Every structure is written in structure tokens, then in C-alpha cells.
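Participant: The following comprises the amino acid sequence and a computationally predicted model.
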Amino acid sequence: MSHYRWKICGLLFFATTINYLDRQVLSVIWKDYLVPEFHWTDSDYGTITALFSVFYAASMLFAGRFVDWMDTKKGFLWAIAIWSVGACIHAFCGIATSGLLTGNWFIGFTEAKDNIAAIDKTAVVTTTSVSLFIFARFILALGEGGNFPAAIKTIAEYFPKKDRALYTSIFNSGTTVGALFAPLSIPFIAKAWGWEMAFVIIGALGFVWMFFWWRMYKKPAEHPAVNRLELEYIQQDIAKDAVAAIPIIENTSKVSFAACFKYRQTWAFAVGKFLTDAVWWFYLFWTPAYLKDIYKMSSTQSAGPLFVLYMITLLSIIGGWLPTFFVEKKGMHPYRGRMKAMLVFAFFPLLALMAQPLGRFGHWLPVIIIGIAAAAHQSWSANIYCTVGDMFPKKTIATITGIGGMAGGLGSFFLNKGSGVLFEYAGNTQMQFAGFRGKEAGYFIIFSYCAVAYLLAWIIMKALVPSYKPITDL
């Protein structure tokens with residue numbers, strides 16, 4: 001048997017890594033570089049991240065349809081091209097701020113900084129720069145929304161159901177690797193060449209990936225590197241479904257959004273994403289700020305703790321192995337094994353309840369706890385994505401994934417915007433809650449939600465879809 005499907009999974013892994021590197025540049029550098037230059041507050045940053053979540057949500061919804069329409073190869077190329085352009089645009093927000101406020105556009109990064117520093121009206125600088133970064137985040141989100149619909153569709157094309165959670169967890173670990181390399185690279189690029197070059201260098205990686213995807217991807221039945229034995233392995237579910245009398249001939253007509261929302265399976269996936277995606281995005285966007293606010297660490301000083309945090313998150317690879325164990329060793333149906341694994345992973349985030357109390361003994365305990373909670377999220381995420389491939393026909397997988405992504409983005413909007421407002425209010429008023437004061441009280445409140453979100457999501461999903469029920473009439 002050939003093993004070309006592993007190379008395809010590798011391409012998905014690198015695309016997801018680049019996706020999260022591009023997304024992380026802002027969160028790593030904003031406290032050290034953009035706050036002094038543009039006078040941002042926590043609420044300003046919360047607004048930017050929250051609107052990115054909304055843009056991403058809308059993009060996921062339409063990107064899924066776009067990928068199903070364009071098909072996997074072209075759809076993925078368009079997605080990464082757009083988000084790479086968006087990532088690079090961030091670098092020119094300083095020049096654009098200077099140009100809008102002084103009328104001087106044809107300048108370099110250093111001169112733009114000098115012009116902005118000479119402007120007395122700091123509120124105008126803040127408003128203008130925030131608006132420009134929101135525009136850049138819009139372009140980034142427009143492209144990034146296509147990553148997961150295209151990747152999940154590719155997994156469904158190249159892997160049988162029993163393997164999908166494992167290989168989804170492998171490519172999905174790119175989110176962790178991207179977040180892992182962000183603090184190890186971005187602060188030092190920014191320190192050496194300026195924050196602008198961090199956006200340019202990281203953003204350019206996507207264009208390199210496009211070359212390999214164009215050369216290496218074809219449908220498995222058409223790919224010369226996929227031999228007969230591997231193709232039979234990939235398509236084994238067709239034979240099993242035929243034996244089980246499950247219709248295997250799919251209608252090729254287009255499916256409307258309204259038709260997708262008729263099914264409880266769609267709502268179960270959307271609710272699960274709405275409640276839990278926000279947690280991951282909070283950890284991603286706010287952990288560097290948390291280390292800065294509570295432990296007074298600069299972006300370079302926090303590189304070590306963030307590295308450890310995301311190394312722990314790499315344990316999420318177990319998220320793909322556990323349902324496979326339940327299926328192969330315990331004889332469970334793939335969907336039942338997946339839901340059982342997700343219940344296991346839903347308990348680990350409860351540790352986040354202790355992050356702030358144990359943080360009084362130093363930063364390492366909350367870093368380790370957040371790492372474990374983030375690993376649990378990624379394990380959960382790999383499996384919830386696979387529930388789509390379990391129950392929906394392949395022609396709708398990207399669309400349903402996009403609907404779930406939209407729901408996750410909306411949940412992230414509320415949590416990120418709410419966090420920014422809460423942290424600013426708690427810091428300004430020295431709010432007290434559960435024995436904590438100021439921003440520590442704010443972080444404890446948000447950590448508490450992050451702890452219980454997964455159990456709540458699992459209970460609702462199980463209530464909506466108690467047992468495996470594939471969609472055969474789309």
C-alpha cells in the first residue's frame with residue numbers, strides 16, 4: 001500500500017500552522033509595541049479581536065460554500081492567498097495612520113513612527129489605527145475562514161471514518177505548533193527589524209505553501225501516487241455502508257443553507273463550536289496579555305512560558321488516538337467512540353478553575369493549567385470536526401463545517417469583547433470578586449467560564465443527537 005494520504009495530511013498541518021502564526025502576530029506584540037505607539041487600551045484590543053471573530057465567523061459560513069463550489073484544490077489556494085495578503089497588510093497600518101493624519105503617505109516604517117509620535121491628539125491616533133487594524137483583520141479573516149472547511153473536506157476525501165479523528169488531530173495540532181512558534185519567533189523579529197516586519201515575514205509563508213499544494217494535491221482516485229491498495233483503504237466505508245444498507249450514491253444537486261439547518265446534527269455541531277471555540281481563542285489572544293498584566297512580562301520574557309504552554313498543548317494528539325482505541329479495541333461505532341472521547345476531554349478544562357488561585361504561587365502553575373486545558377480543547381476540536389464527516393454527505397462537509405465555524409466565531413466575539421471590557425473595568429475600578437482584586441478578578445471570571453464550557457456543550461450535543469444518525473436525504 002502507498003501512503004500518500006500522509007503527505008496530504010502533512011500539507012494540511014503546515015497550512016494550519018501558518019494560519020495560526022499569522023493570527024498570533026498581533027496578540028504577541030501588541031502590548032510591547034502597539035500600545036506605546038498607538039495608545040491602545042484592553043478594550044481597543046478586545047474590539048479588534050472580537051470583530052476578527054465576527055469576520056471569521058461570516059467567512060467560515062461562506063468559505064464552506066465556496067470550497068464546496070470551487071472544490072478542494074482551488075478553494076484552498078484562494079483561501080491562503082487572501083489571508084497571506086491580509087497578514088502582510090497589518091505591517092502598513094502605521095504608515096496608513098500617519099498618512100491619514102498628516103497627509104504624508106510615501107514614507108518608511110521609521111518615519112511613520114516619528115510622525116505619529118508628534119501628533120498631539122492621541123485619541124485620534126488610537127481611533128484611526130484601530131480602524132486600520134480592523135480592516136487588516138477583516139482581510140485576514142476572509143481568507144483564514146477557508147482553512148478548516150477545506151482541510152476537513154480533504155480529510156474526508158483521503159481517510160476512512162475510523163482514522164479521521166487521528167489525522168484531524170494531527171493537522172489540527174498545527175494550531176498549537178503555530179501558537180508555539182509565535183512567541184519563539186515573532187518577538188525577536190519585531191525586536192530586530194520592527195513589528196512591521198514580523199507581519200511581513202510571517203505572512204509571506206503562505207505563498208510558499210501554495211506552491212506545494214498546487215503541485216501535490218489531486219483527488220485520491222485521480223492521483224498517480226495513490227495505488228489500488230491505498231485507494232481501497234481510503235474508500236473502505238463505501239463497502240461497509242453498502243453492507244449496512246446505507247445509501248452510498250449521493251445526490252449531486254446543490255444544497256441550500258436552509259436545508260442544512262433542518263437537521264439536529266447541524267445544530268449540535270454549531271452549539272458545540274459556539275460554546276467552546278471561544279475558549280481556545282481567549283487562550284490564544286489573551287495569554288500573552290495575561291502574563292504581561294499579572295506578571296509584568298515583556299513579549300520576549302514570556303516566550304519561555306508560552307513555549308512550555310504550547311508544548312503541553314501538543315498532547316492533544318491523544319485526541320485523535322482515543323476514539324480510534326474505542327473503535328478498534330472496544331468495538332464501538334465511530335460516532336459513539338468519538339462522543340465518549342469528547343466527554344473525557346470535557347473534564348480536563350475544569351482545571352482552569354484553579355489557574356488564578358494557584359497563580360499566587362507564581363506564573364508556572366497557571367501556564368501549565370492553561371496548557372492542559374488548551375490540549376483538551378484541541379482534542380475536543382479534532383473530534384467535533386469529525387462528527388460532520390460521520391453524519392453528512394461529502395458534498396456538504398465544507399458547508400456544515402463553515403456553519404459551525406460561524407457559530408464558533410460568534411461565541412469568540414462575545415468572549416473576546418467581553419474580556420477586554422471586563423479587564424479594563426476591573427483594572428480601573430480595582431473590582432473585587434471571589435477574593436481577587438483588579439484584573440486578577442477579571443481573569444478569574446473568564447477562566448471560570450472556560451472551565452465549564454465543554455461539559456455544557458457535550459450535554460447539549462448529546463441531547464440533540466443521542467445516537468448515530470447519518471443524513472441520507474441531502
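Facilitator: Cool, got the structure. Numbers count the residues shown, from 1 in each chain.

Participant: In the helix or strand harbouring Thr97, which residues are buried?
Facilitator: Secondary structure assignment for Thr97, by DSSP states H and E: helix 93-102. For helix 93-102, burial by neighbour count (16 or more other Cβ atoms under 10 Å) applies to 93-99, 101. In this view, the C-beta of every residue, glycine as well, is placed from N, C-alpha and C.

Participant: Ala463 - how many residues pack around it?
Facilitator: Using other Cβ atoms under 10 Å, Ala463 has 11 other residues around it.

Participant: Distance check, it against Ala426.
Facilitator: Distance of Ala463 to Ala426, computed by Cβ to Cβ, to the nearest Å: 35 Å.

Participant: and what of Phe55?
Facilitator: Phe55 is 27 Å from Ala426, by Cβ to Cβ.

Participant: In the stretch 101-250 of the chain, mark out all the helices, start to finish.
Facilitator: 109-117, 122-144, 147-158, 161-193, 195-216, 228-234, 236-243 (DSSP state H, counting those that start in this stretch).

Participant: So for the fifth one, mean pLDDT?
Facilitator: Summarised as a single mean, pLDDT over helix 195-216 is 96.

Participant: before we move on, what about stretch 295-302?
Facilitator: 89.

Participant: Over to stretch 383-403?
Facilitator: 81.

Participant: Check the burial of the nearest residue to Lys417 once chain neighbours are set aside by counting its neighbours.
Facilitator: Nearest residue to Lys417, sequence neighbours excluded (Cβ to Cβ, 6 or more residues apart in numbering): Ala50, at 3.4 Å. Ala50: 25 surrounding residues under other Cβ under 10 Å.

Participant: Might one say that Ala50 is in contact with Asn416?
Facilitator: Yes. Assessed by Cβ atoms under 8 Å, Ala50 is found in contact with Asn416 at 4.3 Å.

Participant: rewinding a little: can you pull the pLDDT of the residue nearest to Lys417?
Facilitator: For Ala50, pLDDT reads 88.

Participant: Can you tell me the element it falls in?
Facilitator: Per DSSP H and E, Ala50 falls inside helix 42-70.

Participant: isn't Leu284 right next to Arg23, touching?
Facilitator: Yes. Between Leu284 and Arg23 a contact is recorded at 7.2 Å, counting by Cβ under 8 Å.

Participant: what's the spacing between stretch 462-473 and its chain's center?
Facilitator: Averaging C-alpha positions (Cα atoms, centre = their mean, to the nearest Å) puts stretch 462-473 26 Å from its chain's average.

Participant: for stretch 426-439, same thing?
Facilitator: 30 Å.

Participant: ok, residues contacting it?
Facilitator: 42, 293-294, 356, 423, 425, 441-445 (Cβ atoms under 8 Å, 6 or more residues apart in numbering).

Participant: how about a cut-off of 10 Å?
Facilitator: Identification of contacts with stretch 426-439 by Cβ atoms under 10 Å, 6 or more residues apart in numbering yields 41-42, 289-290, 293-294, 356-357, 359-360, 422-425, 440-445, 448.

Participant: Separate out the buried members of those.
Facilitator: 41-42, 289-290, 293-294, 356-357, 359, 422-424, 440-445, 448.

Participant: on that earlier part again, and the helices of the stretch 101-250 of the chain: which comes nearest Trp364?
Facilitator: Ranking those by distance to Trp364, with Cβ to Cβ as the measure, places helix 161-193 first at 15.4 Å.

Participant: Mind listing the shared neighbours of Ala50 and Asn416?
Facilitator: Jointly contacting Ala50 and Asn416 under the rule Cβ under 10 Å, 6+ apart are 281, 285.

Participant: wait, doesn't Ile134 sit right on Phe55?
Facilitator: Yes. Here Ile134 lies in contact with Phe55, judged by Cβ atoms under 10 Å, at a distance of 8.6 Å.

Participant: show me where pLDDT drops low in the protein?
Facilitator: 239-255, 319-320, 474 (pLDDT under 70).

Participant: Not counting residues beside it along the chain, what's closest to Ile18?
Facilitator: Leaving aside its sequence neighbours, Ile18 sits nearest to Leu205 (Cβ to Cβ, 6+ apart; 4.9 Å).

Participant: distance of that neighbour from Ile80?
Facilitator: For Leu205, the distance to Ile80 (Cβ to Cβ) stands at 10 Å.

Participant: Give me the common contacts of those two.
Facilitator: Contact criterion Cβ under 10 Å, 6+ apart; residues shared by Leu205 and Ile80: 15, 18-19, 22.

Participant: Just the ones of these in helices?
Facilitator: 15, 18-19, 22 (DSSP state H).

Participant: how about JSON lines for the residues you listed, with distance to Val35 and neighbour count added?
Facilitator: Shown next, in JSON lines, are these (distance: Cβ to Cβ, whole Å; neighbours: other Cβ atoms under 10 Å):
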{"residue": "Ala15", "distance to Val35": "31", "neighbour count": "27"}
{"residue": "Ile18", "distance to Val35": "26", "neighbour count": "27"}
{"residue": "Asn19", "distance to Val35": "26", "neighbour count": "28"}
{"residue": "Asp22", "distance to Val35": "21", "neighbour count": "26"}
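
Participant: Contacts only, for Tyr443.
Facilitator: Neighbouring residues of Tyr443 by Cβ under 10 Å, 6+ apart: 286, 289-290, 293-294, 355-356, 359, 366, 419, 422-423, 426, 436.

Participant: got the angle between the strand or helix carrying it and helix 42-70?
Facilitator: Using DSSP H and E, Tyr443 sits in helix 439-464. Orientation of helix 439-464 against helix 42-70 (axes from the mean of the first three to the mean of the last three Cα atoms, to 10 degrees) gives an angle of 30 degrees.

Participant: any idea how far Lys161 lies from Phe392?
Facilitator: Lys161 is 12 Å from Phe392, by Cβ to Cβ.

Participant: These two: which is more packed in?
Facilitator: Between Lys161 and Phe392, Phe392 has the larger neighbour count (other Cβ under 10 Å), namely 24 against 19.

Participant: Correct me if wrong: the more buried one contacts Val465.
Facilitator: No. Using Cβ under 10 Å, Phe392 is not in contact with Val465; the gap is 11.9 Å.

Participant: joint contacts of these two?
Facilitator: 263, 265-266, 269.

Participant: hang on, the earlier thing: which stretch among the helices of the stretch 101-250 of the chain comes nearest Glu328?
Facilitator: Of all those, the one in closest proximity to Glu328, counting by Cβ to Cβ, is helix 161-193 (7.2 Å).

Participant: Identify the residues contacting the helix holding Thr97?
Facilitator: Contact partners of helix 93-102, identified using Cβ under 10 Å, 6+ apart, comprise 33-34, 37-38, 89, 92, 104-119, 121, 124-136, 194-196, 199.

Participant: Filter those down to the buried ones, ChimeraX style.
Facilitator: This is the ChimeraX syntax for the buried subset of these, where burial follows 16+ other Cβ under 10 Å:
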select :33,34,37,38,89,92,107,109,112,113,115,116,125,126,128,129,130,132,133,134,135,136,194,195,196,199
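
Participant: what sits against Gly409?
Facilitator: Counted by Cβ under 10 Å, 6+ apart, Gly409 has contacts 50, 52-61, 141, 145, 273-274, 277-278, 281.

Participant: Can you tell me, leaving aside adjacent residues, what's nearest to it?
Facilitator: Ala57 is the one closest to Gly409 (Cβ to Cβ, 6+ apart), at 2.5 Å.
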